[in-house]
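# My questions concern the predicted model and sequence given below.
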Amino acid sequence: MLLDQLPNNQRAEIAAIDWSVLPPDEGKRLRALGVDEGAMVSIQHRGIFFGRDPIALSIGRMTVAIRRAHARAITLREPGATA
Amino acid sequence: MTRHQPLIALVGNPNAGKSALFNALTGARQKIANYPGVTVERKSGRFAFADGRPAELIDLPGSYSLDPTSPDEAVTRDVVMGRQTGERQPDALIIVLDSANLDQHLVFALELLALGLPTVIALNMVDLAERDGLTLDAARLAADLGVPVIPTVAVRRRGLTELAEALDAVIVARQVPHAPLGEPDMRARRRRAEHIANAAIVSQTQSRRWTDRADSVLLHPFAGPVILLGLLFIIFQAVFSWATPFADALEAGAAALGDLATATIPDGFFRSMIVDGIIAGVGSVVVFLPQIIILFFFILLMEATGYMARAAFIMDRMMASVGLSGRSFIPLLSSFACAIPGIMATRSISDEKDRLTTILIAPLMTCSARLPVYTVIIAAFIPQITVGPGVGLQGLVLFGLYVFGIIGAMVVALVLRSTVAKGGASGFLMEMPKYQLPRIGDLALGLWQRAALFLRRAGTIIFAVTIGLWLLLTYPQAPEGSGMSQLDYSAAGRIAGVIEPVVAPIGFSRDIALALIPAMAAREVAVSALATTYAIDATDEDEQAQALGERLAGRWSLPTALAFLAWFVFAPQCISTIAVTRRETNGWKWPIFMLVYLFGLAWIAAGITFWTATAFGL
Ligand SMILES: Nc1nc2c(ncn2[C@@H]2O[C@H](COP(=O)(O)OP(=O)(O)OP(=O)(O)O)[C@@H](O)[C@H]2O)c(=O)[nH]1
Ligand SMILES: [Mg+2]
């Protein structure tokens, strides 16, 4: 499942991130904010009106805004498979 | 131990409270606000240890690592690594951490500790951690990191003495972090940071309770944007209606002062200079102080509470549609105060093309210097009626002008992004800070600084330009009994006559051309210039007693007044903006581009307004 498809307020672990589709600086900043393989995340809010973009991601003790385009580069571990 | 005074740098993640700590330690008044990316350049200040020995403290932009992703982060890297030209590496670091977000903030701290400089850690915002039910063990943290860890509350000056003592000790002893912390890659550092943070947490409850609750309303897909729009609307209504009594009082004061001067000073050079020049000119601008204060009150409130980052979140979608991101929204919103800090704030934007576009459209955001211009014209030409419950027509027109500027900016951004600033779609990646209650003291100080800045401008630039204009308007003097108007005969009148043909098609008279030239120094000067011009040109006692608004209403047609407003939405009437653009883009190419495109747009917008209004017989 991609992060983009995760229902709101459901925690999941990031399994893989396709760094190649992200511009290098964006990737660096994502990683600097802790959005990386193995991180536990959940989605708090999605966009405005019907746009559903950007996404407010809850990670650790932070809330981070990211675009859906980025969320689509992030694969989650299937629920149940989480350790 | 050292002969030179120690150089100490404050470093850490964005929004950790570095500037707040810097202010508390040095007595400086750097801008602090509750969103990441407030500080974008290196600032230095003086600080003294308990025994009076001085040290130099530097406040740096927040960063996530020493591998920069935006121009402000590059500044931090350069200073910390001693690569800044003409400056040595700091003798010591104060790493500032947000206690309520320790695992994240420790990642960068570990990278900094590996530099091997004498270091003290300020475990800041312990009050917020407590609010969230988080208790930390500073001693444990100090043991794990091998450097002193001092709990602080920068905004309440708690822990400062201990911090200074610890700093003194590590500098004197040249005590460097002992633990081997040199993990080369960020992932390893993060794992270690989590480990250390977990060990330091004594007890915790669910985090960010208040913030999450507020966000569920303020970031709600439907309620959120409605609230933001409503808030912006209230701001513009307030700017008009709340300020009126104060502005009236100031205006009456200026008029009384003028009468007093007329009565006491003998007729002649000095009386004319003081009454027509200084009181009419500078006075006409000072009247707008209440409005400026109200506008800043709201902006400061949004910045202090943490709402600013939410506004960026909500606006991201709209910004994306013109090829920008919510990241650009904060510099643009700051530009409502003044384009100069707005343009500086673009340093926190990673994408080069995004940044350039944001710089180029920043002057289209209605800065506070335009408020006097708008207000004078609106008050003179737009009837003071209500068009709905609590909605005044004047406030509505003002709001409309702001919106007009914003739409203009969006269209320009769209064009720029597909021509001169072409590039791939940029992202939006931003930390949403915890909400905080604004501190009244900080708010009052911020307002005071703004008021002082405004009055200083009135007392310097506007004063000087007004006097200069008065001289040009008064000399040479029209020969007695020649029947020629002083305005026609004066040097200023003749200069403006040359420009008049260019602006005549868009409905501007020579008097207006006369006001546009000095307004390049500062936009408010347009108001003081008109005031001075009409004060000198006043033919009889009655007219002399009129306020500027009444004089304008008597002399300008409605289409001209509307065209004048449209002109100021676009015109780059500010030399400082051009100068800062040159500095931030490293050359003359972009400032010249900006000047040309903005003047072009201003002429067209004013023209269309004038022609349309005339066609409708207004
Ligand atoms: N409650 C509380 N708030 C604090 C404390 N220190 C700073 N703040 C607030 O935190 C916010 C950020 O403070 P700044 O000093 O601007 O942070 P900074 O680290 O300089 O941020 P950047 O310049 O963006 O890197 C402001 O709203 C401050 O008022 C603290 O100890 N306690
Ligand atoms: Mg700062």
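Yep, it's here. Numbers count the residues shown, from 1 in each chain, chains lettered A, B, ... in the order given. Ligands and ions are numbered 1, 2, ... in the order given.

# Now do the contacts for the closest residue to ligand 2 within the stretch 101-250 of chain B.
Nearest residue of the stretch 101-250 of chain B to ligand 2 (CB to the ion) works out as B:Ala154 at 10.6 Å. For every residue, glycine as well, the C-beta is placed using N, CA and C. Shown in contact with B:Ala154 (CB atoms under 8 Å, 6 or more residues apart in numbering or on different chains): B:17, B:20-21, B:23-24, B:96, B:122, B:124-125.

# ok, for it, nearest residue in space, not its chain neighbours?
Spatial nearest neighbour of B:Ala154, excluding adjacent residues (CB to CB, 6 or more residues apart in numbering or on different chains): B:Ala20 at 3.8 Å.

# circling back to that earlier point, farthest-separated two in the contacts of B:Ala154?
B:Asn23 and B:Met125 (14.8 Å; CB to CB).

# what about B:Gly116, which SS state?
Here B:Gly116 is recorded as coil under DSSP: H, G, I helix; E, B strand; the rest coil.

# So it sits against B:Val176, correct?
Yes - using CB atoms under 8 Å, B:Gly116 is in contact with B:Val176, at 5.0 Å.

# between the two, who's got more neighbours?
B:Val176 (15 against 12; other CB atoms under 10 Å in any protein chain shown).

# Would you quantify the distance from that one to B:Ala380?
The gap separating B:Val176 from B:Ala380 is 68 Å, by CB to CB, to the nearest Å.

# Contacts only, for the residue of chain A most remote from its centre.
Computed with CA atoms, centre = their mean, the residue of chain A farthest from its C-alpha average is A:Phe49, at 20.3 Å. Going by CB under 8 Å, 6+ apart, A:Phe49 touches B:221-222, B:225, B:317.

# One more: B:Thr581?
Contacts of B:Thr581 by CB under 8 Å, 6+ apart are B:343, B:359-360, B:590-591, B:594.

# Now do whichever strand or helix holds it: distance to the chain's middle.
Per DSSP states H and E, B:Thr581 falls inside helix B:575-585. Computed by CA atoms, centre = their mean, to the nearest Å, the separation of helix B:575-585 from the middle of its chain amounts to 15 Å.

# Need the phi and psi values for B:Ser485.
phi -80, psi 150 (degrees, to the nearest 10).

# Could you check the pLDDT of it?
For B:Ser485, the pLDDT comes out at 77.

# Look at it and say how many residues are nearby.
13.

# got a list of what it touches?
B:478, B:537.

# what's near enough to touch the residue in chain A that ligand 1 sits nearest to?
Closest residue of chain A to ligand 1, CB to the nearest ligand atom: A:Ala32 (13.6 Å). Residues in contact with A:Ala32 (CB under 8 Å, 6+ apart) are B:64-65, B:69, B:107-108, B:186.

# If we use 10 Å, what do you get?
A:Ala32 sits next to B:13, B:63-65, B:67, B:69, B:73, B:104, B:107-108, B:186, B:190, B:429 when contact means CB atoms under 10 Å, 6 or more residues apart in numbering or on different chains.

# Which strand or helix spans B:Ala122?
Using DSSP H and E, B:Ala122 sits in strand B:119-124.

# Tell me the strands beside that strand, with direction?
strand B:92-98 (parallel), strand B:149-151 (parallel) (DSSP bridges).

# Give me the distance from the first one to the chain's centre.
Centroid separation for strand B:92-98 versus its chain: 27 Å, with CA atoms, centre = their mean.

# Just checking that strand against ligand 2, any contact.
No - using CB under 5 Å from the ion, strand B:92-98 stays clear of ligand 2, coming no nearer than 9.4 Å.

# Give me the buried stretch members for the longest helix anywhere in chain A, please.
With DSSP state H applied, the helix covering the greatest number of residues in chain A is identified as helix A:24-32. For helix A:24-32, a neighbour-count test (16 or more other CB atoms under 10 Å in any protein chain shown) marks A:25-32 as buried.

# Mean pLDDT and distance to ligand 1 for the strands paired with strand B:119-124 - can I get that in a markdown table?
Compiled in a markdown table, the strands paired with strand B:119-124 are given as follows (pLDDT from 0 to 100; distance: least, CB to the nearest ligand atom, whole Å):
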| stretch | mean pLDDT | distance to ligand 1 |
| --- | --- | --- |
| strand B:92-98 | 96 | 6 |
| strand B:149-151 | 96 | 9 |
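
# nearest to B:Phe298, of those?
Across the strands paired with strand B:119-124, closest to B:Phe298 is strand B:92-98 (CB to CB), at 26.3 Å.

# Show me what secondary structure element comes after that closest one.
The helix or strand immediately downstream of strand B:92-98 is helix B:102-113, counting by DSSP H and E.

# check whether that following helix contacts chain A.
Yes - using CB under 10 Å from any CB of the partner chain, helix B:102-113 reaches chain A at B:102-105, B:107-108.

# wait, which of those is closest to ligand 1?
For the residues of helix B:102-113 next to chain A, the residue nearest ligand 1 by CB to the nearest ligand atom is B:His105; the value is 10.3 Å.

# Straight-line length of stretch B:350-367, end to end?
This stretch, stretch B:350-367, spans 25 Å end to end (CA to CA, to the nearest Å).

# average model confidence for it?
On average, stretch B:350-367 scores 91.

# Equivalent analysis for stretch B:175-183, please.
Averaged over stretch B:175-183, pLDDT sits at 66.

# Same question for stretch B:117-133.
For stretch B:117-133, mean pLDDT rounds to 91.
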